[in-house]
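Chemist: Sequence and predicted structure below; questions after.
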There are 2 protein chains.
Amino acid sequence: MSTAPAAGQGPLALICGGGSLPLAVADYVQARGRAVLLFPLRGIARPQDYAGRPHTWVRIAMFGAFARVARAAGCRDIVMIGSIVRPSFWQVRFDLTTLMMLPRIAAAFNGGDDHILGSGARLIEEQGFRVLGAHEVAPEILVPEGALGRAQPSERDRADIALGLDYLRATGAFDVGQAVVVTGKHVQAVEAAEGTDGMLARVVELRASGRIRTPAGSGVLVKAPKHGQDLRFDMPSIGPLTVEGAGLAGLAGIAVVAGSSIVAEPAQLIAAADRANIFVVGTPAGGA
Amino acid sequence: MSTAPAAGQGPLALICGGGSLPLAVADYVQARGRAVLLFPLRGIARPQDYAGRPHTWVRIAMFGAFARVARAAGCRDIVMIGSIVRPSFWQVRFDLTTLMMLPRIAAAFNGGDDHILGSGARLIEEQGFRVLGAHEVAPEILVPEGALGRAQPSERDRADIALGLDYLRATGAFDVGQAVVVTGKHVQAVEAAEGTDGMLARVVELRASGRIRTPAGSGVLVKAPKHGQDLRFDMPSIGPLTVEGAGLAGLAGIAVVAGSSIVAEPAQLIAAADRANIFVVGTPAGGA
């Protein structure tokens, strides 16, 4: 991980997807003395979240408009952060600068998530910008090693975590999901296109139908980065809603890889975890 | 694969789970001149399917009752075939013979599917029986190499099949599901506790919500055995309902490993596949 850039490198351009994480990153960066320009994505970021702060709305694929404003303000560094649902190719409007990149963007849309995000970053860097990961400018968002709240994983939970990490290591090369649910030393659900929330909802059903028989209050959601995943914009992340989903799924806790995972709204996440008596733990990158 | 036992080894005891496959196996074995005793599982096999044939109802875990009848009839070989939902431990009633095996059965219930089935077979063999795979007495149920119906996989489909087989090879050691859905060279769904039908239903939703963007009529359901899977009682299987599920999920076809997969009701499966213009292909065991 590179060190957080100090002040004096010009303002940071923050392209903001959904959720509260972009605003948290802006606060952390500003607290370090660096100016931040907010570029919420139209149709994805919530207008009310940005009402109290200076901001410029931008659209996905309207890169030229963004670049003019960012350059005029002296920004060289760009961070893209927040949840983004991958847009349908033909629903996107393009501006002229972006249209010139069209064949390569179209190619990226046929790849996996890594592919499209990596391609987007390369295109932006060819325009003279530098794309950084949010954790490089705001390392506060990284999950540290150890338990975040009061609850701690049991020995049984640690066995489930180790199995989940083994599974994710074996499949990390496939650009598939980054999460599994393990209960009773058995992989019960594997995330792919449905996303983590969809997988947790499935675990609720699997318990209700008796296909998962381990008692409620056991089992772990395990998330890990894919091999070669570009951690600048697709790091595994957890937040209060993940804790809520894990609680509804009857799990004992959540395990992510310390230093390679983002926590959105840590205070709310810890409060939710303590309320539900669910552990949230950052495991060392080398093992469980 | 061992050769199919010839007549003269005594009648075969066929423990019958759900679906039509047990009756198909019985017909194949009888056509080879060997007598078959049918033991449908109470609450799992459908009474109307057995009304026209001599049979003895048995219960899961009531092994002593079954063993008395089978021994008296001169059966040494047992085949267990048909769909079985893993029973909840405390819902099962035990007879005396089975009660003696209780600690080991309870241990098996905590393992994966392989574990419980393998343990069951070992316990039965200690009682002097021999447990065979249905394909050993009725090789007609194995999927052959090549397309079963009219439709053939395209080059694009073959790439999806190869990726699916690679993924299943990478995860085969984990005693998880045996199936994935691949579309546009991307693993979109991975089967675990929900089973193949549950995963195909999810693909329907993922298409409806736009999370899978490849057009309907593309993508493949790929099934493969796990590493070290005991093929005597847990071989991947497909049938007309699998074809129906793949059609609803908007897939181009189904690929399984030739010689290591069972097809239930081949005539109906081929008819359903031809009607839906879906390919069903047995791939060589070594690759796609």
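Modeler: That came through, no problem.
Chemist: ok, residue A:161 touching residue A:152?
Modeler: No - Residue A:161 is not in contact with residue A:152 according to Cβ atoms under 8 Å; the separation is 11.9 Å. Quick note: C-beta positions are derived from backbone N, CA and C, even for glycine.
Chemist: more crowded one of the two?
Modeler: Neighbour count, other Cβ atoms under 10 Å in any protein chain shown: between residue A:161 and residue A:152, residue A:161 has more, with 24 against 12.
Chemist: so where's chain A uncertain?
Modeler: For chain A, applying pLDDT under 70 flags the ranges A:1-8, A:61, A:83-121, A:177, A:228-234, A:286-288.
Chemist: Which single residue of it ends up nearest chain B?
Modeler: residue A:190 (3.8 Å; Cβ to the nearest Cβ).
Chemist: who's in contact with residue A:74?
Modeler: A:10-11 (Cβ atoms under 8 Å, 6 or more residues apart in numbering or on different chains).
Chemist: repeat for residue A:222
Modeler: Here residue A:222 is in contact with A:160-161, A:164-165, A:167-168, A:179-182, A:254-256 (Cβ under 8 Å, 6+ apart).
Chemist: What ranges does the stretch 101-250 of chain A have for its strands?
Modeler: If DSSP state E, counting those that start in this stretch is used as the criterion, the strands of the stretch 101-250 of chain A fall at A:130-132, A:146-147, A:179-183, A:186-190, A:220-223, A:237-238.
Chemist: Relative to the second one, what are the paired strands and their orientations?
Modeler: Using DSSP bridges, the strands paired with strand A:146-147 in its sheet are strand A:279-283 (antiparallel).
Chemist: just the fifth one next, same as before
Modeler: The strands beside strand A:220-223 in its sheet (DSSP bridges) come out as strand A:179-183 (antiparallel), strand A:253-257 (parallel).
Chemist: related to what we said a few turns ago, name the residues contacting each of residue A:161 and residue A:152.
Modeler: With Cβ under 8 Å, 6+ apart as the test, residue A:161 and residue A:152 both reach residue A:281.
Chemist: related to what we said a few turns ago, from what I see, the residue of chain A closest to chain B and residue B:188 are in contact.
Modeler: No - contact criterion Cβ under 8 Å: residue A:190 and residue B:188 do not qualify, at 11.5 Å.
Chemist: would you list every one of the helices in the stretch 151-288 of chain A?
Modeler: A:155-171, A:195-208, A:240-248, A:266-276 (DSSP state H, counting those that start in this stretch).
Chemist: With distance to chain B added, can I get those helices in CSV?
Modeler: Formatted as CSV, the helices of the stretch 151-288 of chain A follow (distance: least, Cβ to the nearest Cβ, whole Å):
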stretch, distance to chain B
helix A:155-171, 5
helix A:195-208, 5
helix A:240-248, 16
helix A:266-276, 23
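Chemist: Quickly compare those and say which is most buried.
Modeler: Among the helices of the stretch 151-288 of chain A, ranked by average contacts under mean count of other Cβ atoms under 10 Å in any protein chain shown, first place goes to helix A:240-248 (a mean of 21).
Chemist: for chain A, which residue is closest to the average position?
Modeler: Nearest residue to the geometric centre of chain A (Cα atoms, centre = their mean): residue A:237, 4.0 Å.
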